[in-house]
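Chemist: Here is the input, now give the coordinates:
(one chain, ligands or ions: 1)
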Amino acid sequence: MRQTSAQKGITKGKFRPSKTADGVCPYAKKCGGCDYQGISYEEQLKKKQEYMKKLMQPFGKVAPIVGMENPLHYRHKVHAVFDCTRQGKVVAGCYRKNTHEVVDIESCMIEDGEADRIIRDIKELLRSFRIKTYDEDTGYGLLRHVMVRKGYHTGQIMVVLVLGSPILPSKNNFVKALRKNHPNISTVVINVNDRKTSMVLGERNITVYGKGFIEDELCGMRFRISPSSFYQVNPRQTELLYRKAIECAGLTGKEKVIDAYCGTGTIGLIASRNAREVLGVELNKESIHDAIINAKLNGAGNIQFICDDAGRFMVEMAQKGEKADVVIMDPPRTGSDEAFLSSVVRLAPKTIVYVSCGPDTLARDLKYLTKHGYQMKCCTPFDCFPYTEHIETCALLAKTSVSAV
Ligand code: SAH
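Modeler: Residues are numbered from 1 along each chain as shown. Presented below is the predicted three-dimensional model:
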């Protein structure tokens, strides 16, 4: 969701956030990022609540959605695609819906203001450093995307410059000029993406300033986040979501816990404070690397991380006849798969905590689990993405032969 120039209130190059949460954003039609434009926040929450109630009806009751006190500027990860108009003007923002035309966006009401200002300044710097934007059709030019990630509690900022080739001319001066206006930038990374792909990040990262990662805090623990690692974009709501997940797990210190789709180990590490042992499994190598370091950073000796497909890992565990007391699962929007779910049933944990960013796939997977000996005991939606139709959910399932946790 982006603002009108009147709303933007730009004075002497400074951006003042709009006071109206419900005004329609002028970029809305072109950007397509916000589905709930022009709808009051209260109404948005009502719509999400009703949607979840209907979807979850076969499984049980839905608790009131946890909304935000201030639903603006909550995105702490901001991504902009760069391009150049025929007139030679550098533009940065998002693709117009269903096209490859870049909508030039000055500032966005759901994105962190500082991240937006960094992207605006990079547009200016490209001109003075004579750096060309990348042309998707010809493969000519250099800068494709910029990703900015900001730690909520630490304020540390990572800037990832996604380039079509590894060399950024005058890179030290470029970083110096950028940090002059934004001293909170703690690391700058070049990500090389030389492929014709819709994926933003390529595989190779080159750190040109700082450590190559940032750190942030969640639920009293510290987490290191690398450029390609998953980390929730709305830190305020994430803390509430994770607290709920831990509460649902009902840990007493005796349990063996599996944190499936664990990313950088966030939920598993928070759980490890009240569990006997935790096993985290995740497909992304960089995330697992972060997770192992995060365990050391937080002095957690009872957690182990495995880089594998969660389904394959669970099948192996089930085949070996291993058991688990609690399975926490947080799959991507596509949900889990039958290999995973059928193995969870064989592992027979007394509690499953399902954290989901895709209500439809959650409902699909709940259908399987409730047919195979589990019952949904509670379901709490969290509004981690105001102004968009996305919803995060924490669902607690208990083995039907065991009383509710
Ligand atoms: N629990 C973490 C990450 C959740 S996002 C957190 O809260 O931060 C989902 C994660 O699942 C991503 O890190 C993604 O890399 C991982 N993933 C996707 N497919 C997977 C698979 N088949 N097996 C294991 N992990 C997978």
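
Chemist: rest of the way, CA atoms for contacts and neighbours
Modeler: Will do.

Chemist: I'd say M314 and S343 touch.
Modeler: Yes - if you go by CA atoms under 8 Å, M314 and S343 touch, sitting 5.6 Å apart.

Chemist: Compare these two (neighbour count), which wins?
Modeler: Shown here are M314 and S343; by other CA atoms under 10 Å, M314 has more neighbours (24 against 19).

Chemist: my read is the more buried one is in a helix, agree?
Modeler: Yes - the assignment for M314 by DSSP: H, G, I helix; E, B strand; the rest coil puts it in a helix.

Chemist: so how far is N284 from it?
Modeler: The gap separating M314 from N284 is 17 Å, by CA to CA, to the nearest Å.

Chemist: Check which helix or strand D121 maps to.
Modeler: helix 113-128 (DSSP states H and E).

Chemist: same check, this time on S342
Modeler: Applying DSSP H and E, one finds S342 within helix 338-347.

Chemist: tell me what that helix is packed against?
Modeler: Using 3 or more CA pairs under 8 Å, 6 or more residues apart in numbering; DSSP states H and E as the contact test, the elements touching helix 338-347 are helix 310-319, helix 359-371.

Chemist: and the last one, how far out from the chain's middle?
Modeler: Here the centre of mass of C-alpha atoms in helix 359-371, compared against the chain's by CA atoms, centre = their mean, to the nearest Å, lies 22 Å away.

Chemist: What of the shortest one?
Modeler: The gap between the average C-alpha position of helix 310-319 and the chain average comes to 26 Å, counting by CA atoms, centre = their mean.

Chemist: What residues sit buried inside it?
Modeler: 310-311, 313-315, 317-318 (16 or more other CA atoms under 10 Å).

Chemist: how big is the angle separating that helix from helix 338-347?
Modeler: Helix 310-319 runs at 30 degrees relative to helix 338-347, counting by axes from the mean of the first three to the mean of the last three CA atoms, to 10 degrees.

Chemist: The helix or strand just after helix 310-319 packs against which elements?
Modeler: Of the helices and strands lying after helix 310-319 in sequence (DSSP H and E), the nearest is strand 326-329. When contacts are defined as 3+ CA pairs under 8 Å, 6+ apart, strand 326-329 sits against helix 235-249, strand 256-260, strand 351-356.

Chemist: Save these as CSV, and put in mean pLDDT, distance to I65 and mean neighbour count too.
Modeler: Shown next, in CSV, are those (pLDDT from 0 to 100; distance: least, CA to CA, whole Å; neighbours: other CA atoms under 10 Å):
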stretch, mean pLDDT, distance to I65, mean neighbour count
helix 235-249, 98, 11, 20
strand 256-260, 98, 24, 26
strand 351-356, 98, 14, 26
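
Chemist: want to try a markdown table for those, with distance to the ligand as columns?
Modeler: Listed next are the helices and strands packed on strand 326-329 as a markdown table, based on distance: least, CA to the nearest ligand atom, whole Å:
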| stretch | distance to the ligand |
| --- | --- |
| helix 235-249 | 8 |
| strand 256-260 | 7 |
| strand 351-356 | 8 |
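
Chemist: Among those, which comes closest to N205?
Modeler: helix 235-249 (24.7 Å; CA to CA).

Chemist: what's the closest one packed up against?
Modeler: With contacts taken as 3+ CA pairs under 8 Å, 6+ apart, helix 235-249 sits against helix 266-272, strand 326-329, strand 351-356, strand 392-399.

Chemist: quick one: low-confidence parts of this protein?
Modeler: For the chain, applying pLDDT under 70 flags the ranges 1-23, 401-405.

Chemist: At the geometric centre of it, which residue do we find?
Modeler: Nearest to the mean C-alpha position of the chain, by CA atoms, centre = their mean, lies Q232 at 3.2 Å.

Chemist: related to what we said a few turns ago, out of the helices and strands packed on strand 326-329, which gets nearest to Q57?
Modeler: Nearest of the helices and strands packed on strand 326-329 (CA to CA): strand 351-356, 16.7 Å.

Chemist: what angle separates that closest one from strand 256-260?
Modeler: Interaxial angle, strand 351-356 versus strand 256-260 (the same axes, to 10 degrees): 20 degrees.

Chemist: Can you tell me the element the closest residue to I306 other than its chain neighbours falls in?
Modeler: Leaving aside its chain neighbours, I306 sits nearest to V281 (4.8 Å; criterion: CA to CA, 6 or more residues apart in numbering). Secondary-structure assignment from DSSP H and E places V281 in strand 277-282.

Chemist: Can I get that strand in PDB? Just the C-alpha atoms.
Modeler: Extracted C-alpha coordinates of strand 277-282, given in PDB (Å, rounded to 0.1, in the frame of the first residue of the first chain):
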ATOM      1  CA  GLU A 277      15.600 -31.800  23.800                       C
ATOM      2  CA  VAL A 278      14.700 -30.200  20.500                       C
ATOM      3  CA  LEU A 279      15.400 -31.300  16.900                       C
ATOM      4  CA  GLY A 280      15.100 -28.700  14.200                       C
ATOM      5  CA  VAL A 281      14.700 -29.600  10.500                       C
ATOM      6  CA  GLU A 282      14.900 -27.200   7.600                       C
END
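
Chemist: nearest spatial neighbour of N172, skipping sequence neighbours?
Modeler: N172 sits nearest to V208 (CA to CA, 6+ apart), 7.6 Å away.

Chemist: do you know how far the one you found is from K180?
Modeler: Counting by CA to CA, the gap from V208 to K180 is 16 Å.

Chemist: Settle it for me: which of those two has more neighbours?
Modeler: More crowded of V208 and K180, by other CA under 10 Å: V208, with 16 against 11.

Chemist: close to the ligand, is the helix holding S342?
Modeler: No - between helix 338-347 and the ligand, judged by CA under 6 Å from any ligand atom, nothing touches; the nearest distance is 9.1 Å.

Chemist: Can you mark which positions in that helix are buried?
Modeler: In helix 338-347, counting by 16+ other CA under 10 Å, buried: 340-347.

Chemist: right, and A115 touches R149 too?
Modeler: Yes - the criterion here is CA under 8 Å, and A115 meets it with R149 at 7.4 Å.

Chemist: Which strand residues bridge D259?
Modeler: Counting by DSSP bridges, D259 is bridged to G280, I328.

Chemist: wait, isn't it in contact with G280?
Modeler: Yes - between D259 and G280 there is a contact at 4.6 Å, judged by CA under 8 Å.

Chemist: Need the residues touching each of those two.
Modeler: 265, 268 (CA atoms under 8 Å, 6 or more residues apart in numbering).
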